Every structure is written in structure tokens, then in C-alpha cells.
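**Student:** here is my input, please return the structure:
(one chain, ligands or ions: 2)
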Amino acid sequence: MGKIAFVTGITGQDGSYLAEFLLSKGYEVYGLVRRLSVPNTRNIEHILDKITLLDGDLTDQGSLIAALTVAQPDEIYNLAAQSFVQTSFKQPVLTAEVSGVGVVRLLEAMRIVCPDARFYQASTSELFGLVKEVPQTENTPFHPRSPYGFAKLMGYWATVNYRESYGFHASNGILFNHESPRRGIEFVTRKITDGVARIKYGLANEIILGNLDAKRDWGYAPEYVEAMWLMLQQEKPDDYVIATGETHTIREFVELAFEYAGIDNWEKYVKTDQKFYRPAEVHVLCGDSTKAHRVLGWKPKVTFKELVRIMVEADLERYGRIMQS
Ligand code: NAP
Ligand code: G4F
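**Tutor:** Ligands and ions are numbered 1, 2, ... in the order given. Prediction:
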């Protein structure tokens, strides 16, 4: 019989790719979804008949216990979060409730319902924040720079503590930025590729951004969800950095995106506005995933240039279809 997986955040970028991946491995997949006034199942529309959705919210303890009781999973992937750093400055308490205390609620539900399941926590390179060294490894000290960062710090340590206190098979994936055509439109990469496609089709004449000098280590999301699964296949739980080891500025991403869309003089179209700057910036992220390569056999394949091309082409195609209809 196939294994059973329970995925929170299944409607998001990573949750949807992970669900596809687990189905391809023969898993029975349950996904936690919260009630929204307008349902948001766009990313999982194509697999809705193959998965089971359960109602619940990371802010509601009882719903997590009830969902796990129904699913009885072998593996739990906690991908749900208030995941947008900019919003976390405006809604710090909500972010702490969902992305921090929410992890504790899910671990408690697991302790009550299925303590022998394996647990994955979606930790983040935002933990490194004001970085103490470049590149960052599993041993680099943390210094989060946002409510999102300090909420995720709680989730990270909750995961380590349930492992140490109760012998849980609980692992943290410290994932650096990873993108795809399913990336939310408010994140900088997708905002750029969506904006470039609009400009190409004459639907817009500018993109307004914030800090173009920040540097990120950007990988391709479908490859990163495989690393999550690999962590839970190990005999022992542990924490792993997942990254490409390359870092690029937002400006470089912009330049390439315009180039792939065949639009010259990107400076003509890109403006900046203070409202997209953050009260505290994470200036540079660059990860060293040597441990993941050594233990999990995981290595990224899609390069920075390929990633930009994939995202630009997807948005051009999408607007092409809209314009034809
Ligand atoms: P995403 O696209 O923003 O998806 C977030 C998911 O969380 C959505 O399914 C959302 O549901 C759900 N969610 C939000 N609040 C919730 C709540 N109160 N209860 C239950 N579900 C809730 O994020 P992603 O990019 O896939 O990232 C997945 C996880 O990895 C997140 O935890 C993120 O913080 C972390 N992470 C991401 C990256 C990255 O570069 N993508 C890097 C490191 C870590 P709705 O559809 O209902 O909004
Ligand atoms: O795309 P971003 O919003 O992603 P950020 O803040 O790095 O967070 C993402 O990656 C984390 C992993 O490191 C995840 F944990 C987190 O959940 C999320 O997925 O911003 C990237 C950079 C920042 O330095 C920001 O200041 O782009 C800069 N930026 C410049 N102009 C902008 C913009 N960011 C956004 N969102 N919008 C802009 O107009």
C-alpha cells in the first residue's frame, strides 16, 4: 500500500508541486485548506480529483487535530504560512500566529494523533537575515530581520525541540528563494516577469519596484520540493540548507527578463518607489547546500538564466492566451 501524506499550504506554489510529486510516487495525498470567501484552488485544479482536501487553519488547534485524525498520515509537510515578508511588517501578530505558533499547534496535533509520523517544517533562509557569513550553511548563526523571519525562527526551534524532547522524526528544510510560474504575483521575480509580459503586450508601460540591489539565491521550485521529500526518507531527522550557491541582484533578474522578452532599454520601463522598500532589508542571501548533496544526493539543475527564461515564457504565453480570447 502507498504511504499517506498530509500537506498544509497545498494551494500555494510549493504545496501544489509537492502534491504532484507525491502523487507520482504513489502517495495518498491529503491537503489542509482554509476557508476563503473566494476559493483559491488554481494551482491544484488539475489534481483535485486525485487528492483529498480537509478544512482547517494553522490558527485553529481543533481543526488540525481533526484533520490529522481523518488523514492518519505517515508524513506531514508543513508548508502553510503567511509567507510574504513585506506583509509581515504590516501584520506582525497574524504572521507570528500562523508562521510561528501555527507550527507549534501542528506539532501538538501530531503529538496527540500521530506521533510516529514524519514531519517536515518549511524553514527559510530569512532566518539568516543580517548574514554572519557568505555562503550560509546549517551552522551559520541566525539573525532574522522581519516579523516573518522571527516567526519562522520559532517554527524552526519548535521542530528541533519536538525532535529532541519527544524523539519525533522532525526535520527543517532551510530553503533559499525558489520560484516558478506558480509564484505569487507579489514576490519580486513574478512581479517582474508578469510586468514584462504586460509591457510586451502593451497592457502596461512600467514596473514599479523597491530595492534593486538586494541579492538572492534563486532556484526552481519543482526541484526544491523533491528535497523536502528526501529529508523524510532518511533514517534520522536533521536540518538541511537547500540552495543553488549562486547569488544575483534584483537588477540582474530585471535585465535578463527584459532581454528574454525582446524588449530593449529596460531602464525606460523600471521605476522605484520607497513603498516597496522594507523597514529592514536582507541584503544578501547565498546558500551552501553541500550537506544536502552529501546526505540526500540532492543538487539543483535549473540555472538562474533558465529560471528567468521559464518564468518570462510562461507569463508571455499566459498573456498571449488572454489577448487572443
Ligand atoms: P505560498 O505560495 O505563499 O503558499 C502559502 C500557503 O499557506 C497557501 O496554501 C496558503 O493558503 C497557506 N496558508 C496561509 N495562511 C494559512 C493559515 N492560517 N492556515 C492554513 N493555511 C494557510 O508559499 P510558498 O512559496 O509555496 O512557500 C511554502 C512554504 O515555504 C511557506 O511556509 C514559506 O514561508 C516557506 N518558504 C518559501 C520559500 C520560497 O522561496 N518560496 C523559501 C523558504 C521558505 P491560501 O491559498 O488559502 O492563501
Ligand atoms: O521576492 P521577495 O518578496 O522575497 P523574499 O523577501 O526574499 O522572501 C521570499 O523568500 C524567502 C526565502 O529567503 C521565503 F522564506 C519567503 O517566504 C519568500 O518566499 O523579495 C526579494 C527581494 C527583497 O530584497 C526585496 O526588498 O526583492 C526586493 N524587492 C525589490 N523590489 C522587492 C521589490 N520585493 C517585492 N516583493 N516587490 C518589489 O517590488
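**Student:** show me what contacts the closest residue to ligand 2 within the stretch 1-150 of the chain?
**Tutor:** In the stretch 1-150 of the chain, no residue comes nearer to ligand 2 than T124, which is 3.2 Å away by Cβ to the nearest ligand atom. Glycine gets a C-beta too; all of them are placed from N, C-alpha and C. Taking Cβ atoms under 8 Å, 6 or more residues apart in numbering, we find T124 in contact with G149, K152, I174, L175.
**Student:** what about the host helix or strand of the second one, distance to the chain center?
**Tutor:** When secondary structure is defined using DSSP states H and E, the element that contains K152 is helix 147-166. Average the C-alpha atoms of helix 147-166, do the same for its chain, and the two points are 17 Å apart (Cα atoms, centre = their mean, to the nearest Å).
**Student:** show me what counts as buried in that helix.
**Tutor:** Within helix 147-166, the residues that count as buried by 16 or more other Cβ atoms under 10 Å are 147-160, 162-163.
**Student:** over to stretch 76-96?
**Tutor:** If you call a residue buried by 16+ other Cβ under 10 Å, then stretch 76-96 has these buried ones: 76-83, 85-88, 92, 95-96.
**Student:** cool, and stretch 52-66?
**Tutor:** Across stretch 52-66, burial judged by 16+ other Cβ under 10 Å covers L53, L54, G56, D57, L58, Q61, S63, L64, I65, A66.
**Student:** want to throw the residues you listed into a markdown table with secondary structure and pLDDT?
**Tutor:** Shown next, in a markdown table, are the buried residues of stretch 52-66 (DSSP: H, G, I helix; E, B strand; the rest coil; pLDDT from 0 to 100):
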| residue | secondary structure | pLDDT |
| --- | --- | --- |
| L53 | strand | 98 |
| L54 | strand | 98 |
| G56 | coil | 98 |
| D57 | coil | 98 |
| L58 | coil | 98 |
| Q61 | helix | 98 |
| S63 | helix | 98 |
| L64 | helix | 99 |
| I65 | helix | 99 |
| A66 | helix | 98 |
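**Student:** redo these as CSV? Include distance to L232.
**Tutor:** Output for those, formatted as CSV (distance: Cβ to Cβ, whole Å):
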residue, distance to L232
L53, 21
L54, 20
G56, 21
D57, 24
L58, 20
Q61, 24
S63, 23
L64, 19
I65, 21
A66, 23
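**Student:** near ligand 2 at all, the helix or strand harbouring S88?
**Tutor:** Using DSSP H and E, S88 falls within helix 85-90. Yes: counting by Cβ under 6 Å from any ligand atom, ligand 2 has neighbours in helix 85-90: V85, Q86.
**Student:** could we number from 240 for the rest of this?
**Tutor:** Understood, numbering begins at 240; the last thing we discussed is helix 324-329.
**Student:** against which helices or strands is the helix or strand that comes right after that helix packed?
**Tutor:** Next along the chain after helix 324-329, taking DSSP H and E as the criterion, comes helix 331-334. Helix 331-334 sits against helix 386-405, with contacts defined as 3 or more Cβ pairs under 8 Å, 6 or more residues apart in numbering; DSSP states H and E.
**Student:** hmm, the following helix or strand past the helix it packs on in reach of ligand 1?
**Tutor:** Scanning forward in sequence from helix 386-405 by DSSP H and E, the next helix or strand is strand 408-414. Yes: applying Cβ under 6 Å from any ligand atom, one finds strand 408-414 touching ligand 1 at L414.
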